[in-house]
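Peer 1: Could you work out the structure for the sequence below:
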Amino acid sequence: MMCQIAVSLHSGPKLNLDKTLKGLASARADFLHIDVMDGHFVPEIDFGQKLVQEISQNCQIPLDIHLMVEKPETLIEQYIFPTTEVIGIHVESTPHIHRILTLIKKLGRKCEVIINPGTPVSTIIPVLRLVDQVMVMSVDPGTSGANFIDSTIEKVKLLDELRQQNNYHYQIKADGSIDDHNIVKLTKAGLDIAVVGSFIFKDNLAGQIAKLKNK
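Peer 2: Predicted coordinates for the structure are as follows:
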């Protein structure tokens, strides 16, 4: 089964963003992955509300909002745009994960729970029945370009097994240092969506996305 590709804009050039968006549309990117960073949950700051609003107004590729922030409940409604498809929350970022995921669904968007490399799948079992997507971080958040963490593959496999055993309907996603080699193992393990940044932006956009989808 072909994996869908969510292109991480954090890894791409910020100047001439309009040109990049048009290129990604032509290259048939499935989603635009938006890393909202607050400088606290992760060291960097990126993708404020106004910039993402302009992206939504000028590009019809669905937005995949990744809240790398503390107190994510304070920002969710700011990132509800016409093209927002899914909003992801780190289980490590809040003691109220069930409440926040439910809020996202009430706002008419898909909800996603995210786990860091050091967080076991068992932590999110109580919300698997609720969520539309589960994302496994394959690098530590905010460390773009770090080495892919191999244990991600086993987590994806476990999530796929849980999905089949319990008739859950969530999609499985991974984010961090994914390329045309490790995507093969991830897809075999049950991955549905790959978040990819550096690999795509290092060469022709359409060609790089095609390499990932043809694996």
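Peer 1: in this structure, which helix or strand is least confident?
Peer 2: strand 45-46 (a mean of 90; mean pLDDT, DSSP states H and E).
Peer 1: Tell me the helix or strand right after that one.
Peer 2: Using DSSP states H and E, the next helix or strand after strand 45-46 towards the C-terminus is helix 49-58.
Peer 1: The residue of the chain most remote from its centre: what's it in contact with?
Peer 2: For the chain, the largest distance from the centre (C-alpha atoms, centre = their mean) belongs to residue 165, which lies 24.3 Å off. Listed by C-beta atoms under 8 Å, 6 or more residues apart in numbering, the contact set of residue 165 is empty. Bear in mind the C-beta positions are built from the backbone N, C-alpha and C, glycine included.
Peer 1: Secondary structure element holding it?
Peer 2: Using DSSP H and E, residue 165 sits within helix 151-166.
Peer 1: From the chain's centroid, how far away is the least confident helix or strand of the chain?
Peer 2: Computed by C-alpha atoms, centre = their mean, to the nearest Å, the separation of strand 45-46 from the middle of its chain amounts to 16 Å.
Peer 1: in its sheet, what does that strand sit against?
Peer 2: Here strand 45-46 is paired, per DSSP bridges, with strand 31-38 (antiparallel).
Peer 1: the inter-axis angle of the partner strand versus helix 49-58?
Peer 2: Angle of strand 31-38 versus helix 49-58, following axes from the mean of the first three to the mean of the last three C-alpha atoms, to 10 degrees, is 170 degrees.
Peer 1: heads up, I number from 9, so please use that
Peer 2: Taking 9 as the first residue, the last one we looked at is strand 39-46.
Peer 1: List the contacts of strand 39-46.
Peer 2: Contacts for strand 39-46 (C-beta under 8 Å, 6+ apart): 12-18, 29, 32, 52-56, 60, 63, 67, 69-78, 83, 87, 93-94, 150, 183, 201, 203, 205.
Peer 1: What subset of those is buried?
Peer 2: Among the contacts of strand 39-46, those classed as buried by 16 or more other C-beta atoms under 10 Å are 12-18, 29, 32, 54-55, 60, 63, 67, 69-78, 83, 87, 93-94, 150, 183, 201, 203, 205.
Peer 1: How many residues are close by the closest residue to residue 98 other than its chain neighbours?
Peer 2: Spatial nearest neighbour of residue 98, chain neighbours left out: residue 122 (4.7 Å); criterion: C-beta to C-beta, 6 or more residues apart in numbering. For residue 122, the neighbour count with other C-beta atoms under 10 Å is 25.
Peer 1: so how far is the helix or strand residue 122 falls within off the chain centroid?
Peer 2: Assigned by DSSP H and E, residue 122 belongs to strand 118-123. Relative to the centre of its chain, strand 118-123 is centred 9 Å away, using C-alpha atoms, centre = their mean.
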